[in-house]
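**Student:** the following comprises the amino acid sequence and a computationally predicted model.
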Amino acid sequence: MLIKTATEIPTREITDESLYLKRRKFLMGAASAAGAALLPGIGHGATQDAYRQLPDVRPGPFGTDEQPTSFEDASSYNNFYEFGTGKSDPERRAGSLRTDPWTLKVGGEVGKPGVIGLESLIAPHQLEERVYRMRCVEAWSMVIPWVGIPLGDLLTRFEPTSKAKYVSFQTLFDPSQMPGQRRNVLDWPYVEGLRIDEAMHPLTILAVGMYGRVLPNQNGAPLRLVVPWKYGFKGIKSIVSIRLVEKEPPTSWNLSAPHEYGFYANVNPEVDHPRWSQKRERRIGEFFKRKTLPFNGYAEQVAHLYQDMDLRANY
Ligand SMILES: Nc1nc2c(c(=O)[nH]1)N[C@H]1C(S)=C(S)[C@@H](COP(=O)(O)O)O[C@H]1N2
Ligand SMILES: [Mo]
């Protein structure tokens with residue numbers, strides 16, 4: 001008989017199988033949430049439970065104990081120019097993005113380049129929750145419980161070569177799914193970059209969820225970057241390609257307005273944006289402004305990465 005009784009199945013096999021099934025489910029969840037958003041009357045203001053819960057998430061390091069922003073605010077006040085330039089456009093329009101199946105291409109200066117499905121990309125890793133302070137260059141901030149994996153752990157699997165000095169990221173380009181790409185508000189596709197030590201830093205994560213659930217499309221489903229000591233625009237959404245490269249890669253906001261947005265984009269209350277101060281910020285959901293902290297409060301973890309740099313010149 002080839003059919004094993006339950007007691008004969010080694011524990012490891014059971015774990016792997018159930019993990020596999022749960023992971024399958026989380027990706028299907030992303031698809032059904034996107035589907036629901038296309039139905040009239042659903043999608044706008046969808047509550048948290050419209051999104052599939054992620055299994056096996058453990059608390060990760062570096063979390064803040066500050067009060068998280070409400071899910072409703074975090075999923076309805078967004079920047080995602082692929083779906084329009086207004087803050088409420090992404091929630092209203094991102095239902096047209098298909099997130100399943102999804103593949104990521106990893107290439108450039110790596111020993112093992114590849115194209116990999118989201119499921120296999122995430123499967124070898126333990127999902128972690130990281131409650132991070134986030135701050136937009138427009139001087140508003142949020143606290144978001146992200147679910148993801150350290151970017152460094154993932155990059156290591158592809159075996160970066162000694163020439164890998166930077167990491168370059170690219171968002172999907174498909175105007176049929178991303179109607180904002182029919183207008184030239186940015187040079188599409190959206191691109192971002194990090195220096196290799198920033199990318200490998202344990203604070204830097206690739207997020208697949210928030211609030212314990214799969215990412216809403218408007219927040220960058222199914223895979224987005226989260227770098228909590230930098231302005232929000234570094235957090236590129238709906239990533240399809242990661243390349244390790246030798247030279248500093250172009251970044252979308254620097255390309256569009258080089259005097260306003262630099263490559264580093266570290267949160268720095270001492271360096272004003274040319275059109276407004278960066279000294280304070282409004283936490284979404286609060287009335288009074290609060291002081292902006294250097295590196296968004298993560299100086300202890302990351303200031304050493306920039307010790308020999310003039311952060312006024314390298315903004
Ligand atoms: N592809 C893409 N990624 C993007 C953007 C965008 O327009 N397109 N906007 C950025 C900006 S300016 C911010 S503040 C954050 C907002 O992330 P959130 O909507 O999840 O808060 O996403 C960033 N990532
Ligand atoms: Mo932003």
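**Tutor:** Thanks, I have it. Residues are numbered from 1 along each chain as shown. Ligands and ions are numbered 1, 2, ... in the order given.

**Student:** please, where are all the helices along this protein?
**Tutor:** Shown for the chain, the helices assigned by DSSP state H span residues 11-38, 71-74, 89-93, 118-122, 151-157, 196-200, 252-256, 299-302.

**Student:** enumerate the residues of the stretch 151-300 of the chain near ligand 1.
**Tutor:** For the stretch 151-300 of the chain, the contact set with ligand 1 under Cβ under 6 Å from any ligand atom comprises 171, 190, 219-220, 232-233, 235-238. Glycine gets a C-beta too; all of them are placed from N, C-alpha and C.

**Student:** between those, which has the most around it?
**Tutor:** residue 237 (29 neighbours; other Cβ atoms under 10 Å).

**Student:** which ones are touching that residue?
**Tutor:** Each residue near residue 237 by Cβ atoms under 8 Å, 6 or more residues apart in numbering is listed here: 80, 82, 171, 190, 219-221, 224-225.

**Student:** again, but for residue 256
**Tutor:** Residue 256 makes contacts with 186-187, as judged by Cβ under 8 Å, 6+ apart.

**Student:** against residue 80, how distant is it?
**Tutor:** According to Cβ to Cβ, to the nearest Å, residue 256 stands 15 Å off from residue 80.

**Student:** returning to what we had before: in CSV: the contacts of residue 237, plus distance to ligand 2.
**Tutor:** Formatted as CSV, the contacts of residue 237 follow (distance: Cβ to the ion, whole Å):
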residue, distance to ligand 2
80, 10
82, 14
171, 14
190, 12
219, 13
220, 12
221, 18
224, 13
225, 13
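
**Student:** where along the stretch 51-200 of the chain do the strands fall?
**Tutor:** Along the stretch 51-200 of the chain, the stretches classed as strands by DSSP state E, counting those that start in this stretch are 57-59, 103-108, 114-117, 127-135, 140-150, 166-171, 191-195.

**Student:** for ligand 2, give me its nearest residue in the stretch 1-150 of the chain.
**Tutor:** With Cβ to the ion as the measure, residue 136 is the residue of the stretch 1-150 of the chain nearest to ligand 2, at 3.7 Å.

**Student:** which residue sits closest to that residue, ignoring its sequence neighbours?
**Tutor:** residue 232 (4.1 Å; Cβ to Cβ, 6 or more residues apart in numbering).

**Student:** just the pLDDT for residue 3.
**Tutor:** Reported pLDDT at residue 3 in the predicted model: 40.

**Student:** and residue 45, by the same measure?
**Tutor:** 73.

**Student:** do residue 38 as well
**Tutor:** Per-residue confidence (pLDDT) for residue 38: 42.

**Student:** and for residue 250?
**Tutor:** Per-residue pLDDT puts residue 250 at 98.

**Student:** same thing with residue 10?
**Tutor:** With respect to pLDDT, residue 10 scores 38.

**Student:** right, and the residue nearest to residue 136 touches residue 77 too?
**Tutor:** No - Residue 232 lies out of contact with residue 77 (Cβ atoms under 8 Å); the separation is 11.3 Å.

**Student:** doesn't residue 54 make contact with residue 213?
**Tutor:** Yes - using Cβ under 8 Å, residue 213 makes contact with residue 54 at a distance of 6.2 Å.
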